[in-house]
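Engineer: give me a model of this one.
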Amino acid sequence: MNKVFKFSLLLIILLVACGKAKSPTGGPQDKEALKIISIFPDNYASISDKKIEITFNKEVDKRSAQNAFRFYPPLESFDIISDDREISLVINEELLKNRNYYLTISNLLKDTRNNSLDSNTTYTFSNGKLQDSRLFGQVIYAKDEDKAEDKKLILLDQDSVTVFIKTFSGHNYDIDGLEYRPYILRSFIDKNNNGRYDIEKEPYFEKYIDSLKTSKSDIVLAYVDTSRVLTQRASALNNQLVEVSLSEDLASWDSLSIINPADSSSLSFSHAFSQEDKFFIITSLQDTLDYRLAIFNLLDNNNNLTPVSRINFKGSSHIDTLNFKILDSFPANGSTVNESFPEIYVKFDKIVMGQDIKASLKENETNKLIDFDIIESKTFSAKFKPQNKLKSFNSYTFTISSESKDFLGNNLDQDFQINFMVTGNNQ
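Structural biologist: Below you'll find the model as predicted:
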């Protein structure tokens, strides 16, 4: 009887336990992205109190938060305090006065169900007065199929340190709340979604922009060709002139920067130009330092684009004080010309700006001065053309005075003259 009682009691316990068992868990899996609901202080506000509070739509995974927050200018010490759906950032160091601070929250941040933040997000704050420079422009595509794609936009400082990264759509971009300083603007389409730019597979753009001088710059997303033009060698010919050798002739370029990597300072330049496979830059006074040159969006004669080519060179202390010379000219001295509007070509051995050329054109029979224009000035050469018809069977003298100067202020070694006669073919 006792055995029967024990067996019955065990059976009752099992039945009761089965009656209370919960149904297996089920329902739809949580796939909703993590989103930012609010942030305090607001975007563009001051963070002089050195604390930022962020609220999300769901509980945040504490481990993912450790690498998801980034400040520019970089901050070495700040605490990340996580509490359910809220995160507080507490800054433990002194902030730079009157600087903008950019907080980027990356999609490395996840909720407790492993859902990532919906997108990289950047907020702009200030410590002191907010600087509000702006960069904007259109997006121009090499292929129509790229128009519907999302674009990555990366803003870097002149030392190539990332300020922030964002994703945008559409055919225009607009960035405000920037500091008044030089930037490198970079953009590409991540077609295979691997988080990086793949050369020769994805369209790309990069440009050096000084926000003190300009605010509008179009983004031209172009594909790189394997035969693109590259910088091969750079050298300082004197303390204000840099010569760059290129892999092929250069048709056009967009912008350039010269940085001293030791302290991130810029070496300014007043003029830059290409001549076939050479590139020349007139700089401010150089120091005998190592400089880093970057030339952006180089285009060759076959429309192959190089988004950026970088090369190092050593600054020079050499001062050029030699007079410049004329190497060649056309027409030759003592010759005749058929045209009534003849073009006069002169080639120099140094860089000479059009405004520094002191020249005259005289009708010999009357000593009358003839007005003319500088129709082309390629710095190592220049072309001149009279404004009015020259008279047939008259002789003329074109003179470049020794008062003319090269870009360094060195004079022409001596007066240069071309005497020529216009024939009767009055075209």
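
Engineer: pLDDT score for residue 13?
Structural biologist: Note for residue 13: predicted pLDDT of 45.

Engineer: just how off-centre is the helix or strand containing residue 134 within its chain?
Structural biologist: Taking DSSP states H and E as the definition, one finds residue 134 inside strand 133-141. Offset of strand 133-141 from its chain centre (CA atoms, centre = their mean, to the nearest Å): 12 Å.

Engineer: ok, residues contacting it?
Structural biologist: 147, 151, 155, 170-176, 178-180, 183, 185, 187, 203, 209, 211-212, 215-221 (CB atoms under 8 Å, 6 or more residues apart in numbering). Where you see a C-beta, it was placed from the backbone N, CA and C, and this is true even at glycine.

Engineer: kindly report the same for stretch 391-398.
Structural biologist: 340, 344, 359-365, 370, 384, 390, 417-426.

Engineer: cool, and stretch 77-89?
Structural biologist: 37, 51-60, 62, 65-66, 69, 71, 90-93, 103.

Engineer: pLDDT (mean, whole number) over it?
Structural biologist: The average pLDDT for stretch 77-89 rounds to 95.

Engineer: swap in stretch 144-152?
Structural biologist: 93.

Engineer: how long is that stretch end to end?
Structural biologist: 17 Å (CA to CA, to the nearest Å).

Engineer: now do the helices in the stretch 101-250 of the chain.
Structural biologist: Taking DSSP state H, counting those that start in this stretch as the criterion, the stretch 101-250 of the chain contains no helices.

Engineer: all strands for it, in order.
Structural biologist: For the stretch 101-250 of the chain, the strands defined by DSSP state E, counting those that start in this stretch cover 121-127, 133-141, 151-157, 162-168, 172-178, 182-188, 204-210, 219-221, 231-238, 241-246, 250-252.

Engineer: keeping just the C-alphas, turn the second one into PDB.
Structural biologist: What follows is strand 133-141, C-alpha atoms only, in PDB (Å, rounded to 0.1, in the frame of the first residue of the first chain):
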ATOM      1  CA  SER A 133      32.200  77.300 -42.200                       C
ATOM      2  CA  ARG A 134      30.500  75.300 -45.000                       C
ATOM      3  CA  LEU A 135      31.300  73.000 -47.800                       C
ATOM      4  CA  PHE A 136      28.700  72.100 -50.500                       C
ATOM      5  CA  GLY A 137      28.400  71.200 -54.100                       C
ATOM      6  CA  GLN A 138      26.900  68.800 -56.700                       C
ATOM      7  CA  VAL A 139      27.800  65.100 -57.300                       C
ATOM      8  CA  ILE A 140      28.900  64.400 -60.800                       C
ATOM      9  CA  TYR A 141      28.900  60.700 -62.000                       C
END
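
Engineer: which parts of that strand are buried?
Structural biologist: 133, 135, 137, 139, 141 (16 or more other CB atoms under 10 Å).

Engineer: using JSON lines, lay out the strands of the stretch 101-250 of the chain together with distance to residue 111.
Structural biologist: Below are the strands of the stretch 101-250 of the chain laid out as JSON lines (distance: least, CB to CB, whole Å):
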{"stretch": "strand 121-127", "distance to residue 111": "15"}
{"stretch": "strand 133-141", "distance to residue 111": "33"}
{"stretch": "strand 151-157", "distance to residue 111": "24"}
{"stretch": "strand 162-168", "distance to residue 111": "20"}
{"stretch": "strand 172-178", "distance to residue 111": "29"}
{"stretch": "strand 182-188", "distance to residue 111": "29"}
{"stretch": "strand 204-210", "distance to residue 111": "33"}
{"stretch": "strand 219-221", "distance to residue 111": "33"}
{"stretch": "strand 231-238", "distance to residue 111": "47"}
{"stretch": "strand 241-246", "distance to residue 111": "51"}
{"stretch": "strand 250-252", "distance to residue 111": "49"}
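
Engineer: right, and the ones you listed - which one's nearest residue 348?
Structural biologist: Of all the strands of the stretch 101-250 of the chain, strand 241-246 sits nearest to residue 348, with 13.6 Å by CB to CB.

Engineer: in that closest one, what counts as buried?
Structural biologist: Buried residues in strand 241-246 (16+ other CB under 10 Å): 241, 242, 244, 246.

Engineer: which of those residues sits closest to residue 126?
Structural biologist: Using CB to CB, residue 242 comes nearest to residue 126 of the buried residues of strand 241-246, at 37.4 Å.

Engineer: excluding its backbone neighbours, what's nearest that closest one?
Structural biologist: Leaving out its chain neighbours, the residue that sits closest to residue 242 by CB to CB, 6 or more residues apart in numbering is residue 281, at 4.4 Å.

Engineer: show me what contacts residue 373?
Structural biologist: So residue 373 contacts 384, 385, 387 (CB under 8 Å, 6+ apart).

Engineer: over to residue 371?
Structural biologist: Applying CB under 8 Å, 6+ apart, the residues near residue 371 are 361, 386, 387, 388.

Engineer: ok, residue 201 next?
Structural biologist: 191, 192 are the contacts of residue 201 under CB under 8 Å, 6+ apart.

Engineer: need the per-residue pLDDT for it.
Structural biologist: pLDDT recorded at residue 201 is 87.

Engineer: pull up the gap between it and residue 117, please.
Structural biologist: In this view, residue 201 and residue 117 are 27 Å apart by CB to CB, to the nearest Å.

Engineer: what's the answer for residue 188, then?
Structural biologist: Distance of residue 188 to residue 117, computed by CB to CB: 21 Å.

Engineer: my read: residue 179 touches residue 132, true?
Structural biologist: No - shown here, residue 179 and residue 132 do not form a contact pair, counting by CB atoms under 8 Å, at 9.1 Å.

Engineer: higher neighbour count, the two?
Structural biologist: residue 179 (21 against 14; other CB atoms under 10 Å).
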